[in-house]
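Student: Fold the following for me, if possible:
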Amino acid sequence: MLPARISCLFLILFSFLKIEAQNIKLTGRVWNDKNEPVVGASVKVIAAGGTLTDIGGSFSLSLDTGKSYEIEFSAIGFATKRVSGI
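Tutor: Below is the predicted model:
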């Protein structure tokens, strides 16, 4: 009975590892033309969600591998910028 429990545990652990391996982490910083961080800028993945930049202008997104994304950057007082093919 014990070997069956251990096998089941390994199967569960490996299935979680496989799910985690299908994502990539996209990180970056949003800066203005004076090389200052843009705090609270919106970083939005079109049709998939998004995040805001922190006090240092940094952001982090989790994306599925094997797909192409379009990302929109926007902040009050700045022109909106879209980047595709990511």
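Student: For Ile86, give me its contacts.
Tutor: Shown in contact with Ile86 (Cβ atoms under 8 Å, 6 or more residues apart in numbering): 26, 63, 68-71. Backbone N, C-alpha and C define where each C-beta goes, glycine included.
Student: Please report how far it lies from Asn35.
Tutor: Distance from Ile86 to Asn35, counting by Cβ to Cβ, to the nearest Å: 23 Å.
Student: ok, now which ones touch Lys44?
Tutor: Contacts of Lys44 (Cβ under 8 Å, 6+ apart): 50, 71-74.
Student: Quick one: buried ones out of these?
Tutor: For those, a burial check counting by 16 or more other Cβ atoms under 10 Å picks out 71, 73-74.
Student: which one of those residues sits closest to Asp54?
Tutor: Asp54 lies nearest to Phe73 out of the buried ones among the contacts of Lys44, by Cβ to Cβ, at 14.4 Å.
Student: if I look at that closest one, how far off is Gln22?
Tutor: For Phe73 relative to Gln22 (Cβ to Cβ), the value is 25 Å.
Student: residue boundaries of the helices in the chain?
Tutor: 2-21 (DSSP state H).
Student: which residues of it score low on pLDDT?
Tutor: For the chain, residues meeting the criterion pLDDT under 70 lie at 1-21.
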